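Chemist: please find the sequence and the predicted model below.
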Amino acid sequence: MPVSYPRVRSCVAFVSLVALTANAQAQTARPDTLPPVVVKKDEADKQKKRAAAPKKKKEAPTVAQGAAEPAEALPGEPSKDVIYSANRVPTDITKVGSAVSVVTREEIEAQSRTYVQDYLAQVPGVSLAQSGPASTTSYFIWGAASKYVKVQVDGLDVADPTGTQVTTALENILATDVERIEVLKGSQSLLYGGQAIGGVIAIDTARPVLGASMTASGETGSYNTQRGTASAAYGTDRGYARFTVQSVRSDGYSALAIGHEDDGYRNLTFSGTGEYKLSSAVKVFFAARALEERHSYDSTYDNWGLATDGWPGTRGVTSQQAGRVGTEVKLFDGAFVNTISIQGMKFDRDQWGWSAGSAVNDPYTGDRWKVDYLGTAKITKWATVTAGADYMEETAETGAYSQHGIDLTGVFAQLSVEPLKGLTVTGGGRNDEHSTFGDFQTYRFTAAYFYEPTQTKLRASTGTGFRAPSLYELYANNEWVSGNTELKPEESESYDVGFDQWFDNRRIRLSGTYFQVDTTNEIGGGYDANWKWVYQQIPGTTHREGVEFSGAAVITPWLTLSAGYTYVDARAEDGSRLVRIPRNSITLGADALLFDTVKANVNTRFALDTVDSSNYQFEDYVLLNAKFSYDIRPGLTAYVRGENLLDQDYQTVRGYNTPGLSIYGGLTFNVDANTYASLK
């Protein structure tokens, strides 16, 4: 179904009308109960007083802060006490019953890695496999593959609607402007709709401090790689705006193990976010992203041999633009919060393949637009209702089929209650109506109990999810493959139980989780009598279960240690193992302040017992990475970092290379009001 642009304009008008009406009502309403933001006095005076005052004994920070009342974060101050993805509203960490891992801005800056996927690979329960530089990355949460994972960037759904399955290209999401990554694990279709079978990855870009600020960075290193970033931002007590441009280029290395030429990569990404409070009760916001990516790759190895670099059939180009606008309206002194937004995305991809000695171009075009409403009502001190609705249209056209589209409408509701001190229980249901397979229902229930005297949290959750068949699976029709419009959604059910334990005023944290994710009615296929692949439902259950543990400890004010372990046993109905998922994964990390101006980060990742197709057994590997940084002056830092320092020769996809020992060096520059004052 083509996108209905008149309907889009109507939704935009509706959003604007709600914002203006609520703003008019807010002029006579009581002020928000949140305390006002107070802009501090001249920072230069504070620096002088601080220098004259006697030095205090340095106190170790905490791994995770104490329980806090969820509140709207000020610009540049995201809360560590709050989880945002679990209920789609800020929720005290002690009241979250789902398993969630968080990557903070501090961790991102400590390592200065290039891609978001570099940080996800260190998260317990998450694993990745990539077929060469800039090639498609497969990612797994608790053994559930990319097609079962929902990814959002600043609330934007940036998944590719033209692929065989709808997935997000993590290999193209750069990390320099990222503030926070939350990995919500288990089936989450109640709040996120289709695809959220294995979990949700929520990526938020940075918010500025109060006043004007600018940042820039540059890096160069192995494989003739250069990376640069520049951003400008301004924040006040009423809102902020931030815009960032990032660029990466690299000559790369040969994707195929049998190849010898380099396969290069280029990425240019623009991003912007902002919000503004029209009054104490009304806020408007926006997010925008644009990406252009170019890469070379090793084309199919056939009777004509392996294509060399520069051949027209060994390159791909991706262009993507996405945007989101909306408003948040608080009624009844903030007891009833309403958020309405509309977003759109356009995707173009050209892939030149090589067949029988000639280049063949496969063009892919697609778009998506979505409007959604989320309402949260605090009924009593111990009960909160969250309800919402969303409508999405998605279209695509590829070389395998002419333009087709689907629409999907969802409604949901969730109740969260606190019947006893420390106990939080949530539960809810959802109904989705798809234009091809009709209605489908999902649910989720969670419970969290926090015992404050011992700083112990026990948690458990169960939920269901679904993945709608992609446009390719529904409508593909050429000489090699045939879609099936009778396909039904894939279904899932997940369970997990776990604990979080804090010690020593929260300077030490330990967590553990047992999980299970089952999928049924999976979409696969087989060859017909004419050797044409036909999509169809596959009987049986794919079963995944395992455990994950993680811990972090602030040993001294200058040393923090962390560790994680994951065991996953993922098997198809016939008992065979799912491919490219390590059965055992171990991560170790250390952050040290060696001197006042010198910092070090060291992290290690072990992948053990992994198989590929035909039960091929990969060799185990250990990846050692490190970074050392030196603060030249406030706001200016030089660093050197290394990846795969042990120069391990390993594969995550059979027959495809991975990078060897790599060294990079760079500079970061940051100036804001505080930095400027300290330089005076």
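Modeler: That came in fine, so what should we check first? Residues are numbered from 1 along each chain as shown.

Chemist: alpha carbons only for contacts and neighbour counts from here, please
Modeler: Will do.

Chemist: helices or strands next to the strand or helix carrying T318 in the packing?
Modeler: Using DSSP states H and E, T318 sits within strand 315-331. Packing contacts for strand 315-331, counted by 3 or more CA pairs under 8 Å, 6 or more residues apart in numbering; DSSP states H and E, involve helix 5-26, strand 156-157, strand 282-296, strand 336-355.

Chemist: do you know the pLDDT at the residue nearest to the spatial centre of the chain?
Modeler: For the chain, the residue nearest the mean C-alpha position is I201 (3.5 Å; CA atoms, centre = their mean). pLDDT, I201: 98.

Chemist: beta partners of it?
Modeler: V151, V183 (DSSP bridges).

Chemist: please apply the same query to G465.
Modeler: Beta-bridge partners of G465, counted by DSSP bridges, are S492.

Chemist: how about the contacts made by the residue nearest to the centre of the chain?
Modeler: Residues near I201 by CA atoms under 8 Å, 6 or more residues apart in numbering: V149, K150, V151, Q152, I181, E182, V183, L184.

Chemist: need the three-state assignment for Y223.
Modeler: With DSSP: H, G, I helix; E, B strand; the rest coil as the basis, Y223 sits in helix.

Chemist: rewinding a little: need the contacts of I201 in TSV (columns: neighbour count and pLDDT).
Modeler: As requested, the contacts of I201 are arranged in TSV below (neighbours: other CA atoms under 10 Å; pLDDT from 0 to 100):
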residue	neighbour count	pLDDT
V149	29	98
K150	26	98
V151	24	98
Q152	17	98
I181	24	98
E182	21	98
V183	25	98
L184	25	98
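
Chemist: quick check: the farthest pair among these?
Modeler: V149 and I181 (14.2 Å; CA to CA).

Chemist: remind me which residues of this structure are low pLDDT?
Modeler: The chain contains residues with pLDDT under 70 at 1-80, 298-313, 354-359, 673-680.

Chemist: R605 contacts V622, correct?
Modeler: Yes - R605 lies in contact with V622 (CA atoms under 8 Å); the separation is 5.7 Å.

Chemist: can you name the residues bridging to the residue nearest to A230 when sequence neighbours are not counted?
Modeler: Spatial nearest neighbour of A230, excluding adjacent residues (CA to CA, 6 or more residues apart in numbering): A216 at 4.3 Å. When bridges are called by DSSP bridges, A216 pairs up with A230, F669.

Chemist: which stretches of the stretch 401-550 of the chain form helices?
Modeler: With DSSP state H, counting those that start in this stretch as the criterion, the stretch 401-550 of the chain has helices at 471-475.

Chemist: ok, which stretches of it are strands?
Modeler: Using DSSP state E, counting those that start in this stretch, the strands assigned to the stretch 401-550 of the chain run over residues 401-420, 423-434, 438-451, 456-467, 481-482, 490-503, 508-527, 533-556.

Chemist: those strands: which one's closest to V245?
Modeler: In terms of CA to CA, the element of the strands of the stretch 401-550 of the chain nearest to V245 is strand 401-420, at 32.3 Å.

Chemist: buried stuff in the closest one?
Modeler: 401, 403-418 (16 or more other CA atoms under 10 Å).

Chemist: so which other helices or strands are in contact with it?
Modeler: Looks like strand 401-420 contacts strand 383-398, strand 423-434, helix 471-475 (3+ CA pairs under 8 Å, 6+ apart).

Chemist: so the first one versus strand 423-434, what angle?
Modeler: In other words, strand 383-398. Angle of strand 383-398 versus strand 423-434, following axes from the mean of the first three to the mean of the last three CA atoms, to 10 degrees, is 30 degrees.

Chemist: what residues does G410 make contact with?
Modeler: G410 neighbours (CA under 8 Å, 6+ apart): G193, A389, D390, Y391, R430, N431, D432, E433.

Chemist: distance of the fourth one relative to Q195?
Modeler: When CA to CA, to the nearest Å is the yardstick, Y391 and Q195 sit 15 Å from each other.

Chemist: which of these two has more neighbours?
Modeler: Neighbour count, other CA atoms under 10 Å: between Y391 and Q195, Q195 has more, with 27 against 17.

Chemist: could you report the neighbour count for the closest residue to that one other than its chain neighbours?
Modeler: Distances taken as CA to CA, 6+ apart place R467 nearest to Q195, at 4.4 Å, with adjacent residues excluded. Counted by other CA under 10 Å, the residues lying close to R467 total 24.

Chemist: what do you get for T454?
Modeler: Residues near T454, counting by other CA under 10 Å, number 10.

Chemist: same check on V640?
Modeler: V640: 20 neighbours (other CA under 10 Å).

Chemist: looking at this, it is in a strand?
Modeler: Yes - under three-state DSSP, V640 sits within a strand.

Chemist: quick check: the nearest residue to it once chain neighbours are set aside vs D118, distance?
Modeler: Leaving aside its sequence neighbours, V640 sits nearest to G665 (CA to CA, 6+ apart; 4.3 Å). G665 sits 17 Å away from D118, going by CA to CA.

Chemist: got it, and G252?
Modeler: 16 Å.

Chemist: who has more neighbours out of those two?
Modeler: Taking other CA under 10 Å, G252 and D118 do not tie; G252 has more neighbours (23 against 18).

Chemist: OK, contacts around the more buried one?
Modeler: Counting by CA under 8 Å, 6+ apart, G252 has contacts P133, Y223, N224, T225, D262, D263, G264, Y265.

Chemist: now it. Nearest residue, chain neighbours left out?
Modeler: In space, G252 is closest to G264, 4.7 Å off (CA to CA, 6+ apart).

Chemist: that neighbour reaches H295, doesn't it?
Modeler: Yes - with contact defined as CA under 8 Å, G264 reaches H295; the gap is 5.6 Å.

Chemist: anything in contact with each of these two?
Modeler: What both G264 and H295 touch, as defined by CA under 8 Å, 6+ apart, is the set A134.
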